[in-house]
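**Q** Whatever this is, show me its structure:
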Amino acid sequence: MNLKHLTFLRFIVATWVVIFHDWESLRKYVRPDSKIDTFLGNGNVAVPFFFTLSGFVLAINYADKLNNWKDIKVYIAKRLFRIYPIYFVSILFTLYLEILNHQPSNFFKIFINIILVQSWLTNSFEPIINHPSWSLSIEFFLYLIFPLLIFIFKKNRDLKTNLIILTLITSIWQIFCVSEFIYAIPYALSWIFTFSIGIIWGLIYLKKQYNSSLLLTFVGLSLILSVSFGIVNFWKNIAIYCFGVGSLLYLMSSLQSNFTKFMSLPIFVKLGEISYSIYIIQFPLKMWFRKVLSENNIHLSSFKDFMVFYITLCLLSLLAYEWLEKPIKQKLENVLLKQK
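**A** Now for the predicted structure:
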C-alpha cells in the first residue's frame with residue numbers, strides 16, 4: 001500500500017525537533033510569545049506524533065502478515081535492521097566524544113544503551129547516552145509488543161467497535177494525563193496508548209469505513225494546531241492531541257489529493273527517508289560541531305551557527321542513509337530471507 005506521502009511528514013517533524021533543541025538560542029529572532037515562538041518551542045510534541053505515525057503505518061503494513069511465530073521473528077528482525085545500524089554508530093560516536101571531554105559513561109549505562117532498553121524501566125533521562133535515543137528505546141519496545149496489540153485490535157475491525165475502543169483508549173489516557181499518573185510510570189509503558197491510537201486509526205483506514213473527510217480534517221488539524229500553538233496544555237491533553245494526529249494521518253491517506261501527490265515527489269520521499277538519521281545523529285554531531293568551533297575560536301551568530309549545523313546534519317544524514325543504513329539493512333534482510 002502506497003504511503004509515500006507520510007514519509008515526508010517524518011522529515012518535517014524531525015526538523016521541528018532539531019529546531020526545538022536549539023530554540024533557546026534561536027527564539028531571539030522572533031517576537032517573544034508569538035505563535036511562531038510557541039509553535040517552535042513546543043517541538044517536544046513531535047515525539048508522540050512519531051509514535052502515533054509508527055502505529056498507523058505498522059498496522060497498515062502488517063495487519064494480515066503476522067500469522068505465526070516465524071512471521072513475527074522476521075518482522076522484529078526487519079524492524080531492528082531498520083533502526084540499529086545508525087543507532088549503534090551514533091552511540092559509538094557519542095562515547096568517543098564523551099572520552100574526549102573526559103566524561104565517559106559507566107559500563108552499565110553503556111550496556112543498556114547498546115541493547116536499547118535504557119527507557120524501559122525508568123522515567124528519567126539519566127541512563128541516556130545519546131539524548132534522542134530515549135524515544136528510540138521506546139520505539140523498539142513498541143515494535144516488540146506490536147504483534148500482541150495488532151492481534152487484539154484486529155479482531156474487531158468493524159467501524160463501531162474500533163471507534164468505541166479508540167474513544168475508550170483516548171479517554172483513559174486523558175484521565176491518566178490530567179492526573180499526571182502517566183508521568184510516574186516508566187517511559188516505555190506510558191507511550192503504549194499513543195501507539196495504540198495509531199494502530200486503531202490504521203485499521204479503520206484499511207476498511208475505508210469513514211468518509212466524513214472535511215469534518216475529520218477540521219477536527220484533526222484543530223487539535224494538533226491548538227496544542228502546538230499552546231492554546232491548550234499539551235502534557236495534560238496529549239491523548240486528545242494523538243487522536244487528532246491519527247485522524248490527520250487517516251485523512252491524508254484516504255483523500256489522495258494533489259497535496260498528498262505533491263508530498264510523494266521523489267525529493268520529499270528522500271528527505272523523509274533520511275529523517276531517522278537526522279533525528280538520531282543530531283546530538284553527537286552537535287557535540288562535535290561545538291567542539292570544532294570552540295577549538296578553532298570560531299564565533300557565529302546563533303542563526304548562522306544553526307544553519308551551518310543543520311545543513312551539515314542533513315548532508316551527513318543523506319550519506320549515512322545511502323552508505324550505511326540502506327545497504328546494511330538490505331544485506332541483513334537478504335541473509336534473513338535466505339535463512340527463511
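**Q** Mean confidence (pLDDT) on the one helix or strand Y276 maps to, please.
**A** Secondary structure from DSSP states H and E places Y276 in helix 275-295. The average pLDDT within helix 275-295 is 95.
**Q** How is S119 assigned, secondary-structure-wise?
**A** Here S119 is coil, with the state taken from DSSP: H, G, I helix; E, B strand; the rest coil.
**Q** that older thread, the helix holding Y276: how far from the chain's middle?
**A** 19 Å (C-alpha atoms, centre = their mean, to the nearest Å).
**Q** Could the C-alpha coordinates of the next helix or strand after it be exported in PDB?
**A** Remark: after helix 275-295, the chain's next helix or strand is helix 302-320, criterion DSSP H and E. The C-alpha coordinates for helix 302-320 follow below in PDB (Å, rounded to 0.1, in the frame of the first residue of the first chain):
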ATOM      1  CA  SER A 302      23.000  31.800  16.700                       C
ATOM      2  CA  PHE A 303      21.200  31.800  13.300                       C
ATOM      3  CA  LYS A 304      24.400  31.100  11.300                       C
ATOM      4  CA  ASP A 305      25.500  28.500  13.800                       C
ATOM      5  CA  PHE A 306      22.200  26.700  13.500                       C
ATOM      6  CA  MET A 307      22.100  26.900   9.700                       C
ATOM      7  CA  VAL A 308      25.600  25.500   9.200                       C
ATOM      8  CA  PHE A 309      24.900  22.800  11.700                       C
ATOM      9  CA  TYR A 310      21.500  21.900  10.100                       C
ATOM     10  CA  ILE A 311      22.800  21.800   6.600                       C
ATOM     11  CA  THR A 312      25.800  19.600   7.800                       C
ATOM     12  CA  LEU A 313      23.300  17.400   9.600                       C
ATOM     13  CA  CYS A 314      21.200  16.900   6.500                       C
ATOM     14  CA  LEU A 315      24.100  16.100   4.300                       C
ATOM     15  CA  LEU A 316      25.700  13.700   6.800                       C
ATOM     16  CA  SER A 317      22.300  12.000   7.200                       C
ATOM     17  CA  LEU A 318      22.000  11.600   3.500                       C
ATOM     18  CA  LEU A 319      25.400   9.900   3.400                       C
ATOM     19  CA  ALA A 320      24.600   7.800   6.400                       C
END
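**Q** quick one, whatever helix or strand comes next after helix 302-320 and helix 302-320 angle?
**A** Remark: after helix 302-320, the chain's next helix or strand is helix 326-339, criterion DSSP H and E. Using axes from the mean of the first three to the mean of the last three C-alpha atoms, to 10 degrees, the direction of helix 326-339 lies 30 degrees away from that of helix 302-320.
**Q** Just the buried residues of helix 326-339, please?
**A** Buried residues in helix 326-339, counted by 16 or more other C-beta atoms under 10 Å: I328, K329, L332. Where you see a C-beta, it was placed from the backbone N, CA and C, and this is true even at glycine.
**Q** what residues are up against the first one?
**A** Translated: I328. F81, P85 (C-beta atoms under 8 Å, 6 or more residues apart in numbering).
**Q** Near N106, how many residues? Count them for me, please.
**A** As a burial measure, N106 scores 7 neighbours (other C-beta atoms under 10 Å).
**Q** Now N44. Nearest residue, chain neighbours left out?
**A** Spatially, and ignoring its direct neighbours in sequence, N44 is nearest to F20 (6.4 Å; C-beta to C-beta, 6 or more residues apart in numbering).
**Q** Any buried residues in the longest helix seen in the chain, and which?
**A** Criterion DSSP state H: the longest helix present in the chain is helix 69-100. Buried residues in helix 69-100, counted by 16+ other C-beta under 10 Å: 72, 74-87, 89-91, 93-95, 97-98.
**Q** mind listing the helices for the stretch 1-150 of the chain?
**A** Applying DSSP state H, counting those that start in this stretch to the stretch 1-150 of the chain gives helices spanning 4-21, 23-26, 35-41, 46-62, 69-100, 107-114, 133-153.
**Q** for those helices, which one sits closest to F268?
**A** Distance to F268, taken as C-beta to C-beta, is lowest for helix 4-21 among those, at 4.0 Å.
**Q** Give me the contact list for the closest one.
**A** 26, 40-44, 46-47, 49-50, 53, 56-57, 132, 249, 252-253, 260-261, 263-264, 268-269, 271-276, 278-279, 282-283, 286, 306, 310, 313.
**Q** and if you look at stretch 93-111?
**A** By C-beta under 8 Å, 6+ apart, stretch 93-111 touches I91, N113, Q118, P127, I129, N130, I281, F283, P284, M287, W288, K291.
**Q** can you list the residues you listed in JSON lines and add distance to E322?
**A** Below are those laid out as JSON lines (distance: C-beta to C-beta, whole Å):
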{"residue": "I91", "distance to E322": "21"}
{"residue": "N113", "distance to E322": "26"}
{"residue": "Q118", "distance to E322": "28"}
{"residue": "P127", "distance to E322": "32"}
{"residue": "I129", "distance to E322": "25"}
{"residue": "N130", "distance to E322": "21"}
{"residue": "I281", "distance to E322": "14"}
{"residue": "F283", "distance to E322": "21"}
{"residue": "P284", "distance to E322": "19"}
{"residue": "M287", "distance to E322": "24"}
{"residue": "W288", "distance to E322": "21"}
{"residue": "K291", "distance to E322": "26"}
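**Q** By neighbours, which of the residues you listed wins?
**A** Highest neighbour count within the contacts of stretch 93-111: Q118, with 27 neighbours (other C-beta under 10 Å).
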